[in-house]
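Visitor: 3D, please:
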Amino acid sequence: MKKKTYSFFATIARMKYIERWALMRNSRPENLSEHAMEVAMIAHALCVIANTRYGRHLDADRAALIGIYHDASEIITGDLPTPVKYYNRHIRDAYREVEAAAEDHLLQRLPEDLRPAYVEIFRQDTENEDERYMRRLVKAADKLSALIKCMEEENSGNREFRTAKESTLRSIEKMAEDLPELTDFLTEFLPPYGRTLDELG
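Guide: Okay, here's the model as predicted:
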């Protein structure tokens with residue numbers, strides 16, 4: 001008897017085919033897989049900062065894992081441009097429903113015995129304060145990744161990302177008002193992103 005197969009990981013692997021910033025001229029295209037890796041790395045760093053400097057007890061490894069999968073639904077939905085996604089409350093709420101349905105569709109591609117472990121990655125435990133705070137840091141990492149992309153495009157001479165950079169930076173600065181870890185990253189780790197390879201030393 002032929003053993004049943006499951007397409008979850010083969011589908012997740014297709015993140016590399018989903019291009020971000022679809023409505024904008026890019027000097028270098030960025031795919032969803034690259035973005036997910038960067039978000040995972042930064043989310044992990046933010047949690048380490050939180051634990052080391054601010055007495056938090058966050059699971060940095062889990063934050064990185066959530067970062068890897070945070071946009072996985074876009075394999076099914078595509079990357080809806082931010083101006084469209086947040087045009088008004090009705091579109092935003094409708095898109096959240098579409099994202100949730102897409103996540104459910106992905107989770108159905110796992111065997112039943114493995115599915116609960118991945119549900120925990122995709123779904124937030126709203127009762128756990130550390131979990132809520134950690135996921136806020138993942139969202140902050142997502143915004144930081146977007147800002148870094150804008151900086152890279154600007155440094156390459158592409159002015160297409162100028163207003164996106166300004167609005168993303170404003171959002172991050174507002175988030176940083178009660179996320180000291182984010183302020184630390186902005187002051188200590190963000191500036192070198194604009195340097196050349198030789199300047200990084």
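Visitor: Which pLDDT value belongs to the closest residue to residue 175 other than its chain neighbours?
Guide: Among residues not flanking residue 175 along the chain, residue 140 sits closest, at 5.3 Å (CB to CB, 6 or more residues apart in numbering). For glycine as for every other residue, the C-beta is placed from the backbone atoms N, C-alpha and C. In this model, residue 140 is scored at 98, pLDDT.
Visitor: likewise the one 4 residues further on?
Guide: pLDDT for residue 144: 98.
Visitor: same check, this time on residue 87
Guide: Reported pLDDT for residue 87: 59.
Visitor: Mind giving me the packing neighbours of the helix or strand harbouring the residue nearest to residue 175?
Guide: Per DSSP states H and E, residue 140 falls inside helix 129-155. Judged by 3 or more CB pairs under 8 Å, 6 or more residues apart in numbering; DSSP states H and E, the packing partners of helix 129-155 are helix 32-54, helix 60-69, helix 162-175, helix 180-188.
Visitor: Show the low-confidence segments of the protein, by residue range.
Guide: Residues of the chain meeting the criterion pLDDT under 70: 79-87, 95.
Visitor: Can you pull up the most central residue in it?
Guide: The structure's the chain has its C-alpha centroid closest to residue 142; by CA atoms, centre = their mean the separation is 3.6 Å.
Visitor: quick one on the thing from earlier: roughly how far is the helix holding residue 140 from the heart of the chain?
Guide: Relative to the centre of its chain, helix 129-155 is centred 6 Å away, using CA atoms, centre = their mean, to the nearest Å.
Visitor: And for stretch 30-44?
Guide: Relative to the mean C-alpha coordinate of its chain, stretch 30-44 is positioned 6 Å out (CA atoms, centre = their mean).
Visitor: May I have the distance across stretch 174-194, first residue to last?
Guide: End-to-end distance of stretch 174-194: 22 Å, with CA to CA, to the nearest Å as the criterion.
Visitor: So which residues make contact with that stretch?
Guide: The contact list for stretch 174-194, computed with CB atoms under 8 Å, 6 or more residues apart in numbering, reads 42, 45-47, 49-50, 53-54, 136-137, 139-140, 143-144, 147-148, 151-152, 155, 172, 199-200.
Visitor: And these, which of them are buried?
Guide: For the contacts of stretch 174-194, a burial check counting by 16 or more other CB atoms under 10 Å picks out 42, 45-47, 49-50, 136-137, 139-140, 143-144, 147-148, 151-152, 172.
Visitor: Can you tell me the closest non-neighbouring residue to residue 165?
Guide: Computed as CB to CB, 6+ apart, the closest residue to residue 165 that is not its neighbour in sequence is residue 150, at 3.6 Å.
Visitor: In this structure that neighbour contacts residue 164, no?
Guide: Yes - between residue 150 and residue 164 a contact is recorded at 5.2 Å, counting by CB atoms under 8 Å.
Visitor: out of these two, which sits in the busier spot?
Guide: Legend: neighbour count by other CB atoms under 10 Å for residue 150 and residue 164, higher for residue 150 (23 against 19).
Visitor: what about dumping the CA coordinates of the helix or strand that contains residue 117 to CSV?
Guide: Using DSSP H and E, residue 117 sits within helix 115-122. Taking Å, rounded to 0.1, in the frame of the first residue of the first chain, the C-alpha atoms of helix 115-122 are listed here in CSV:
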residue,chain,number,x,y,z
ARG,A,115,-0.3,19.7,12.8
PRO,A,116,-0.7,21.0,16.4
ALA,A,117,3.0,21.9,16.5
TYR,A,118,2.6,24.2,13.5
VAL,A,119,-0.7,25.6,14.7
GLU,A,120,1.3,26.9,17.6
ILE,A,121,3.6,28.7,15.2
PHE,A,122,0.8,30.2,13.1
